[in-house]
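A.B. asks: The sequence isn't on hand, but the structure is:
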């Protein structure tokens, strides 16, 4: 599952390739196999030199020479407080197909993408970065029904507090938080 292309499609970005990195969510029990496949494809794990206490609990970061960006292999996402296997099951059930570079991929549906946008903004803080731009655009573009579905998904993933932390930066987000 790729988060970036789903975000670009949902928000109708002018430049769908615009992203800071690539995020790939893998079932937690498949992370070791996915890491091995990335290494076999020439990727280097940037987290390898870190001590376990210094590593992210939700993802590992990989890079490959000439790629120009990094790939985050996610077991979960910050702000999802359910067990990563349970989060995977819920998010996998909410997948939708999207063609990217001529390949049919499975990406998060609209509610899951909106939730991930808000979680990213909550983690990064509000400002001028891409996560803030995506949050503003999502709050402008998505209607109340879409946000109701997003808040329901957040409740299912025990992520409502993180969702509210993300959307509260803007007036529309504060209004939605009060409604839900």
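C.D. replies: It's in. None of these values were measured; they are calculated from a predicted model. Numbering: from 1, shown residues only.
A.B. asks: Every contact and neighbour count from this point should use C-alpha atoms.
C.D. replies: OK.
A.B. asks: thought residue 163 was touching residue 118?
C.D. replies: Yes - using CA atoms under 8 Å, residue 163 is in contact with residue 118, at 5.6 Å.
A.B. asks: what about residue 158, which SS state?
C.D. replies: The local conformation at residue 158, judged by DSSP: H, G, I helix; E, B strand; the rest coil, is coil.
A.B. asks: Counting neighbours, what do you get for it?
C.D. replies: Other residues within reach of residue 158, judged by other CA atoms under 10 Å, total 17.
A.B. asks: swap in residue 39?
C.D. replies: Applying other CA under 10 Å, we find 15 other residues in the vicinity of residue 39.
A.B. asks: Next, the contact list for it, please.
C.D. replies: When the contact criterion is CA atoms under 8 Å, 6 or more residues apart in numbering, the partners of residue 39 are residue 45.
A.B. asks: and it, helix, strand or coil?
C.D. replies: helix.
A.B. asks: what about it, distance to residue 173?
C.D. replies: Going from residue 39 to residue 173 by CA to CA, to the nearest Å gives 40 Å.
A.B. asks: wait, isn't residue 172 in contact with residue 139?
C.D. replies: Yes - checked against CA under 8 Å, the pair residue 172 and residue 139 is within contact range at 6.6 Å.
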